[in-house]
Each structure stands twice: as C-alpha cells, then as structure tokens.
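Trainee: Dropping the sequence and predicted coords here.
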Amino acid sequence: MKPKNNKPTNQSRLKSLIFITILALIGLAFYAAYSQTSALEKVTITRVIEQANNGEVSKLIVEGEKVEVVKKGDTEPSEYAIRDVNVSFADQGLVNKDVELDFQEQSDSGGLWISVLSGLVLPIGILLVLVIMFRSAQGQGSQAMSFGKSKARLYGNEKDKVTFSDIAGNENAKEDLAEVVDFLRHPEKFKNVGAKIPKGVLLVGPPGTGKTMIARAVAGEAKVPFFSISGSEFVEMFVGVGASRVRDLFNRAKKNAPCIIFIDEIDAVGRKRGSGMGGGHDEREQTLNQILVEMDGFEQGQNVILLAATNRADVLDPALLRPGRFDRRVNVELPDRRDREEILKVHFKNKPVEKNVDLSAMAAKTAGSSGADLANIANESAIKAARRNSKTIANQDLVEAFEKVAIGPARKNNIMTDKEKELTAYHEAGHALVGHLMPESDMVHKVTIVSRGHTGGVTWFIPPEDQHYHSIKWYKDVLARILGGRIAEKIIYGPEDVTTGAGSDLQKAVDYARDMVIKQGMGSKDLRDMVFHSDEGMMFDRMVHDRPYSEETAQRIDKEVAQLVSEAAKRAEAVIAANLKYLEALKETLIKKETVEADEVVEIFKNAKLPASAKLD
Ligand code: ADP
C-alpha cells in the first residue's frame, strides 16, 4: 500500500528550480575564477627561463607566484608558469637581460572570487543541498522541515479496505477483535452500562502471520480511519523527534476519532527501559514515555483504540502492559493445515488455476509457513505460469514455486564436476538413509543434487502433520539425520577426505543440541528439566550482563552438547555402515536422475533396517 499524495507540488517544483539555479551559479563562479588562467598554456618555470635565455620571450608579467609569458612578436601572454616567490629570476638561471620583467601588483580577482564563493555562495549552496536531502529522506514531498510530524499513514478509503472475510483462518483472533469492532461502532452501548472501553490491544505472533492485516480489518469492519506507523519510524533518523512524532500522531488521531492507531513492531520503542547501557537508549525511552503519557491522557469516550503488533511480547516494558494501556492481548498464530489451505484459497481466488492444482496437498507440505509465505508461493506460481506463457497456473507451477520459496531457486546451470556430483549424491543419500530409518524422524519428501540457494543438494523432510511438541527421541533422531551427510562422506571417502559441504550441517547440529540442553531441559542427569537461557534484553545486554548460570555449568553445557552430537554421529554411522548397499543404490539413482521423489526413495530403502546399535536405549 502506498502512502497517499506524494505528487510534486508547485512549491516543491519552485524549490528544485532555485536549487538548480544556485548550482548553476556556483559552476559559473568557478568558471569565471579559473577561465582567465585556463586560456593560457601552463608550462614549467624552468621552461620559461630556458625560452627567455634563448631570446624567444619579450616580456614576463609577474604577479605573485604567477608568471605570464609574452613571446617575441606577440602583445598578449600565451603561456604561464608558477614560480617560487622566494627565488629570484637570476637565481632561477635567467641571464638574458633583454627580457622585460613586469612586476605587477597582485590582482585579487581570482582570490576575490574564491573568497566570495567560500564566504557566501558555497555555504548557501551546501545548506540548500542539505535541506533538500533531509526532505527527501523524510519522504514527505511538500511538508518542509516536518521532522517532528508523525509519518503515520492514513488508510481510510474504500479501495484499501480489508475486512475479516479477507483473512483466512485466525478465527480466535477475529473473535477477540470482534469486540473491539463493537466498541468502535457502538460506544454508547458500553458506556450506558458503565463499561470502560479498552485503549490498547497487543497483537502477538510471528512475522507474516497477518497482524497488520487483522488490524486493518478491524478498522475496515468498524468503518473507521486507520493510522499505521512502525515503531522504528518514531526513532528513525533524528534524535529528539520520537516524542514529538508521538504527540503529533495522537493529535491527528484524536481529530479523526473514532479511529485506530496501529503501531507495528512496537518492540522497537517499547522494550524494557533501563536495560540499555549509558545514555544510548534515551531517545527510545522518551518516545515510549510519550506513548504512555498520551495513552493515559485519553479521556473515556475519546474512542481512539491502539493496536500494536510484536513477535516479542516478553521484551516489552511492563509499564506498557499495565491496565489502561495495552492490557488486552490477542495471539496470532502460525496457521495450521486447515488454515493454510484456506489462506491458499484466498490467494488463488482471482487466479486462473488448472484442475490439477492441489491446494490441499500444498497445505500439507507447508507446515511452519506463515500466511505471508503462502501468499508469496501463490504469487510465485502465477509468475512461473506467466513465464511459461501460459494463461493458467498448473500444479507444477505451484510445486516449483513452493520449492523456490522454501529453499531458493534451482541452479540448473551450476556446473559440478563428476567427482562433486558423486560426493553430493553420497552426502544427500546419507541424510535420506538415516532420516528414513530413524523412527521419530520426519518422512523423506524429496532428494536432489540440483543445487539451490547456497546448498549443493537438498534432502527434504516433511512432518506427517503439524507438530507442536517434540520429544527427546525426535531431537536425537533429527540430530543423527543432520549428521548423516558428513558421515556418508566419511565412510565412503575416509575421515581425511570429508569436505566443507557439511559445514552448515554441523552448525545446525550444534544449534539443535544446544537448544535441547539450554532451552528445552533435555540435558542429561541434573541438567535435565532445567533451562539456562534468558531472553531478556537485547543481544548486547545479554552478552554484557551476567549469564544466569555459573562458569562450571557453562562448561557442563558445552560438554553435554558435544556428547549429544557425538552420540548422534555414532548412530548415523551405525545406520549407514549397516545399509551401505542402499546408500549406493540411492546415490546411483541420484546421479542418473538428479532428483528422486518420496515414493522412489521408499522403494529403494524398502529392505533397509535400523541396526540395534543405532537404537536408543
Ligand atoms: P505481519 O504484520 O504479521 O507481519 P502481515 O499482516 O503484514 O503480517 O501479512 C503479510 C501478508 O501475508 C498479507 O498481506 C497477506 O497477503 C498474507 N497473509 C497473512 N496471513 C493471512 C491470512 N490469515 N489470510 C490471508 N492472507 C494472509
């Protein structure tokens, strides 16, 4: 959605004209200052003396350090040189006494120009350039010097309108917010029974889940104007403007009441105060204070409701969450399978799809995707169809779009040597084999050695259904599967010939293991059922402030992580060593076909077995 009216006004056109004129004047001034000398040819002083001694020169006109040369037979100088004023012409080697030396008083014309320039024109020019730069940085074409004005965009016209029916799924959020719509539409109903209308509602959920959209739908349903601003815009560029932007925003909103103010990414201004170091956060704190002051200043009946979005409600300042401020909370979750299908339907509503397009299968595959991801997949599939010059979208477009969004576009022309191809095939077959045999691991969906994004190949696993909770067994099986690639390389090529291809796998394995020990209470013995992390404060604060555990515990955590990773590597090794035949078979098929789908993988691994040594106790 674009902010309204950014058209150049007459006033801004006039300003551009003045700007161009000043620039032209500066250019002219420079030209005038230097044109006099630049018409003459510049030579060295030694050359001048040489010509003079040779009798080619009739007169030298000396003006300070500048020496102009009038040749014999000429009346005007044709060359000039710069001399050292401390050395006389005789000392410079001039012996020809016939040359007339015409010492002139140093005229100041060039210098005068320059001093006029630097004293007057240049500063004015620079000032003008700065003003224009500031204004364009503000993005507000015609409001000169409006730093303190809020940049909230107002959406009120029919064209931009979003209603609850445009939002698929999110039933709970819609239900919770239906009340807010009612407050806005019939405030007197609530006033009559002495109910206080809430001032602030916090929408909490991961990015792309439709928080902005829901907020706009509340305004759309209630038929009231909608002011939208992002938390980071309050404190953007100039120190000291945050608080005045807040004041301005609330004033505008009050004038337009009943209305909704939507603050996206409220955590940018609303983090806990006092958690920063030094005075670096003053600006943010002042902005936050101003928001609190304005919220408290709302009188009942003013009917301006604030909606704010964040994905980190835990870092918000408690003062923001007190009664009378953002005291209501609506959770906006990632969509489950049914909702994903609904969202896909919404985004394919106006797109011409072929009969074979299977949105339900796509919904099943996209566990963990947000509404924004799904919207992106829908759009990408339309682009794919258009690029095929097709008028309709086929299921293949949808599948390719999903793969592109999930792991980046396929790089078919990324040339691999045969050796690299073989190595990648073993590596991916290793992931697939271990993943296939580990009882808790998700199912193999597809294996490919076509490189995508930054990866050499991909083995894709898809959970059978939306899983919200994971067991220790699941974590351990996934760890083994992540290491399966490197272990396959090690078994086939030997421990010293493994490659950097597994670098990101190893990082991922350590991250998983650390997550188990630190966040999930899945360490062993007395680390079990304990958590050792703190999400409070920003990254930097966490680094500087004390860790919530001792150095000794830190060492034990490191040890546990290493143990988990090495246990997983051993299990992966046991699986691959016991099923080498099947690893080879998938590798062969991969080299032949490059991409192998789930059914074929299952067929190849039909007789593979999990050895006892790879089982968990
Ligand atoms: P957030 O504010 O939570 O980051 P947005 O509201 O900006 O997310 O959502 C981004 C886009 O994702 C929306 O413009 C919309 O196209 C799509 N989207 C997200 N959730 C849904 C949904 N439930 N139904 C339909 N579209 C959705």
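Mentor: Arrived safely, thanks for sending. Residues are numbered from 1 along each chain as shown.
Trainee: tell me which strands and helices the helix or strand where K419 lies is in contact with?
Mentor: Take DSSP states H and E as the rule and K419 turns out to sit in helix 418-437. Packing partners of helix 418-437 (3 or more CB pairs under 8 Å, 6 or more residues apart in numbering; DSSP states H and E): strand 443-448, strand 458-462, helix 472-493, helix 551-578, helix 580-593, helix 598-604. Backbone N, C-alpha and C define where each C-beta goes, glycine included.
Trainee: Any stretches of the stretch 351-500 of the chain with poor pLDDT?
Mentor: 409-415, 453-455, 464-467 (pLDDT under 70).
Trainee: repeat that with 80
Mentor: Residues of the stretch 351-500 of the chain meeting the criterion pLDDT under 80: 367-368, 406-417, 451-456, 463-468, 498-500.
Trainee: Now do the helix holding K419 against helix 472-493: the angle between them, please.
Mentor: 150 degrees (axes from the mean of the first three to the mean of the last three CA atoms, to 10 degrees).
Trainee: buried set for helix 418-437?
Mentor: 421-437 (16 or more other CB atoms under 10 Å).
Trainee: The ligand contacts on this structure?
Mentor: Proximity of the chain to the ligand, by CB under 6 Å from any ligand atom, involves residues 167-170, 207-213, 309, 343, 346, 371-372, 375.
Trainee: let's see 8 Å
Mentor: 166-170, 203, 205-216, 264, 309, 311, 332, 335, 339, 342-343, 346-347, 370-372, 374-376 (CB under 8 Å from any ligand atom).
Trainee: Model confidence for the residue in the stretch 151-300 of the chain that the ligand sits nearest to, exactly?
Mentor: For the stretch 151-300 of the chain, the residue closest to the ligand is G210, as judged by CB to the nearest ligand atom, at 2.7 Å. pLDDT for G210: 90.
Trainee: ok, now A562?
Mentor: The per-residue pLDDT reported for A562 equals 92.
Trainee: and it, how many neighbours?
Mentor: Neighbours of A562 under the rule other CB atoms under 10 Å: 12.
Trainee: next one: the one 5 residues further on
Mentor: As a burial measure, E567 scores 15 neighbours (other CB under 10 Å).
Trainee: show me where pLDDT drops low in the stretch 101-250 of the chain?
Mentor: Those would be 105-126, 128-161, 196-197, 232-245, if you go by pLDDT under 80 across the stretch 101-250 of the chain.
Trainee: residue ranges for the strands of it, please.
Mentor: Per DSSP state E, counting those that start in this stretch, the stretch 101-250 of the chain carries strands over the ranges 153-155, 200-204, 226-230.
Trainee: Format the ones you listed as TSV; extra columns: mean neighbour count.
Mentor: Below are these laid out as TSV (neighbours: other CB atoms under 10 Å):
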stretch	mean neighbour count
strand 153-155	18
strand 200-204	24
strand 226-230	22
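Trainee: Quick one, which of these gets closest to R185.
Mentor: strand 226-230 (14.5 Å; CB to CB).
Trainee: Adjacent strands (with direction) for the closest one?
Mentor: Paired with strand 226-230 in the same sheet, following DSSP bridges, are strand 153-155 (antiparallel), strand 259-264 (parallel).
Trainee: how near is the residue most central in space within the chain to D264?
Mentor: Closest residue to the average C-alpha location of the chain: P207 at 12.1 Å, with CA atoms, centre = their mean. Separation of P207 from D264 (CB to CB, to the nearest Å) stands at 10 Å.
Trainee: So which of the helices and strands packed on helix 418-437 is the most surrounded?
Mentor: Ranked by mean neighbour count, those are led by helix 472-493 with a mean of 23 (mean count of other CB atoms under 10 Å).
Trainee: and the next element down the chain from it?
Mentor: Downstream of helix 472-493 (by DSSP H and E), the next one is helix 503-514.
Trainee: in that next one, what's buried?
Mentor: Under 16+ other CB under 10 Å, the buried positions of helix 503-514 are D505, A509, V510, Y512, A513, R514.
Trainee: L359: neighbouring residues, count only.
Mentor: L359 has 20 nearby residues by other CB under 10 Å.
Trainee: Over to the one 4 residues further on?
Mentor: For A363, the number of neighbouring residues by other CB under 10 Å comes to 22.
Trainee: who's in contact with it?
Mentor: By CB atoms under 8 Å, 6 or more residues apart in numbering, the contact list for A363 reads R337, R338, R340, E341, L344.
Trainee: List only buried entries from those.
Mentor: For the contacts of A363, buried by 16+ other CB under 10 Å: R340, E341, L344.
Trainee: Remind me which helix or strand the last one belongs to.
Mentor: L344 belongs to helix 337-348 when elements are defined using DSSP H and E.
Trainee: continuing past that helix, what's the next helix or strand?
Mentor: By DSSP H and E, the next helix or strand past helix 337-348 is helix 359-365.
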